[in-house]
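*Asks:* Here is a sequence with its predicted model. Questions after.
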Amino acid sequence: MQTPSYWPLLNQHRRQQVQFALEEDLGPGDVTAQLLDTKQKIKALLISREPGLLCGKDWVDEVFVQLAGQQVNINWLVEEGGAVSEDQVLAEISGPAPLVLSAERTALNFLQSLMGTAKTVSHYLKQLPDGYLLLDTRKTIPGMRLAQKYAVWLAGGSNHRLALYDQFLIKENHIAAAGSLERAVVTARSQQPDLKIEVEVETLEQLDQAIALDCDYIMLDNFSTEMLQAAWQRNFRAGQLEISGGYSLEDLAALPKPNNLVRLSIGALTKHLQAHDLSLRIIPSTS
């Protein structure tokens, strides 16, 4: 599986995310953890309470490294991307009680969000008809853009543009402000010839114009089934056309089969996620 283009940015992004999250949660200090003996060592089990896909190990590791250095040990029992079952132990965590318990919520917040994202993607992929490529969008949790796109990729989905700077996406308002679809595309090519250009179209006439302009990607915004079927009759490259419009899991079965590969972008992959159910349980000492 080819690594995504943002891979070199991921480590720094993760460190910054975790630093902010720990500062947000700890503030000047964990007053409850201060009740515990700093020399008390505990062992805890990280447990998945439902089936899913393990996604986010590095975020959990980073939380404990930033808070506890090498004082806490994490023994992962499942590989990243591996399937997990209900009540399965994902990892064994051991170290000073105050550090383990202070890190617990932040670590689980990252893991539950990324596993939730991956699980949502897997649900959509299971229902995805032949002929479609599933993509995410920029509708991500603020501050979690790269992390969630990583989760989409890990679960087998594909990533749309990363942000506003790495690809043109010329929408209805851009076209109106520029004066015409053609003028917007020509200006984009003259300003940033190395960037891909995607245009959003709302009619079959605009679609024909975008194909004639040889745009890299063409988004068919809220096309009806009849309009999609008409669009499939056009001469387009594999992956050139993209459909969007708030498709739910239930909508996928009704999508008309295209004559060539079509991209399907769904914001729900990252904005409608349900956090994965996890828990951390201390193993009682036998001494």
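*Replies:* The structure has been received and is ready for your questions. Numbering: from 1, shown residues only.
*Asks:* Could you pull up the residues touching the spatially closest residue to residue 218 that is not a sequence neighbour?
*Replies:* Using C-beta to C-beta, 6 or more residues apart in numbering and skipping the chain neighbours, the partner closest in space to residue 218 is residue 210 (4.5 Å). (Glycine included, C-beta is placed from N, CA and C.) Applying C-beta atoms under 8 Å, 6 or more residues apart in numbering, we find residue 210 in contact with 181, 185, 199, 201, 218.
*Asks:* go on, residue 21?
*Replies:* Contacts of residue 21 (C-beta under 8 Å, 6+ apart): 63, 106, 109, 110.
*Asks:* give me that answer again for 7 Å
*Replies:* 106, 109 (C-beta atoms under 7 Å, 6 or more residues apart in numbering).
*Asks:* out of the contacts of residue 210, which one sits closest to residue 55?
*Replies:* For the contacts of residue 210, the minimum distance to residue 55 (C-beta to C-beta) is 31.5 Å, reached by residue 218.
*Asks:* so which helix or strand takes in that closest one?
*Replies:* strand 217-221 (DSSP states H and E).
*Asks:* Can you list the strands that that strand pairs with?
*Replies:* Partners of strand 217-221 in the sheet, by DSSP bridges, are strand 197-201 (parallel), strand 241-244 (parallel).
*Asks:* got a list of contacts for that strand?
*Replies:* Contacts for strand 217-221 (C-beta under 7 Å, 6+ apart): 196, 198-202, 207, 210-211, 228, 231, 240-245.
*Asks:* Which SSE is immediately downstream of that strand?
*Replies:* Following strand 217-221 in sequence, per DSSP H and E, is helix 225-231.
*Asks:* buried stuff in that following helix?
*Replies:* 227, 228, 231 (16 or more other C-beta atoms under 10 Å).
*Asks:* which one of those sits closest to residue 5?
*Replies:* Of all the buried residues of helix 225-231, residue 5 sits closest to residue 231, with 28.4 Å by C-beta to C-beta.
*Asks:* what's that closest one in contact with, if anything?
*Replies:* Residue 231 touches 204, 207, 220, 223, 241, counting by C-beta under 7 Å, 6+ apart.
*Asks:* The strands paired with strand 217-221 into a markdown table, with extra columns for distance to residue 257?
*Replies:* As requested, the strands paired with strand 217-221 are arranged in a markdown table below (distance: least, C-beta to C-beta, whole Å):
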| stretch | distance to residue 257 |
| --- | --- |
| strand 197-201 | 21 |
| strand 241-244 | 13 |
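*Asks:* With distance to residue 191, mean neighbour count and mean pLDDT as added columns, please give those in CSV.
*Replies:* Shown next, in CSV, are those (distance: least, C-beta to C-beta, whole Å; neighbours: other C-beta atoms under 10 Å; pLDDT from 0 to 100):
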stretch, distance to residue 191, mean neighbour count, mean pLDDT
strand 197-201, 11, 23, 98
strand 241-244, 22, 22, 96
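*Asks:* For the helix or strand bottoming out on mean pLDDT in the chain, which helices and strands make contact with it?
*Replies:* Using mean pLDDT, DSSP states H and E, helix 249-252 stands out as the lowest-scoring helix or strand of the chain, at a mean of 93. On a contact count with 3 or more C-beta pairs under 7 Å, 6 or more residues apart in numbering; DSSP states H and E, helix 249-252 meets helix 97-127.
*Asks:* which one of the buried residues of helix 225-231 is nearest residue 264?
*Replies:* Lowest distance from residue 264 to the buried residues of helix 225-231 (C-beta to C-beta) belongs to residue 228, with 11.0 Å.
*Asks:* thinking the closest one is in contact with residue 259, fair?
*Replies:* No. Between residue 228 and residue 259 there is no contact under C-beta atoms under 7 Å: 11.2 Å.
*Asks:* Low-confidence ranges, this structure, go.
*Replies:* Regions of the chain meeting the criterion pLDDT under 70 cover residues 1, 286-287.
*Asks:* make it 90
*Replies:* 1-3, 5, 222, 245-246, 273, 284-287 (pLDDT under 90).
*Asks:* Mind listing residues that contact stretch 24-36?
*Replies:* Stretch 24-36 has contacts (C-beta under 7 Å, 6+ apart) with 97, 98, 101, 102, 105, 106.
*Asks:* From those residues, list the buried ones, please.
*Replies:* 97, 98, 101, 102, 106.
*Asks:* ok, residue 8 - how many residues close by?
*Replies:* Look at residue 8: counted by other C-beta atoms under 10 Å, it has 9 neighbours.
*Asks:* cool, and the one 5 residues further on?
*Replies:* As a burial measure, residue 13 scores 16 neighbours (other C-beta under 10 Å).
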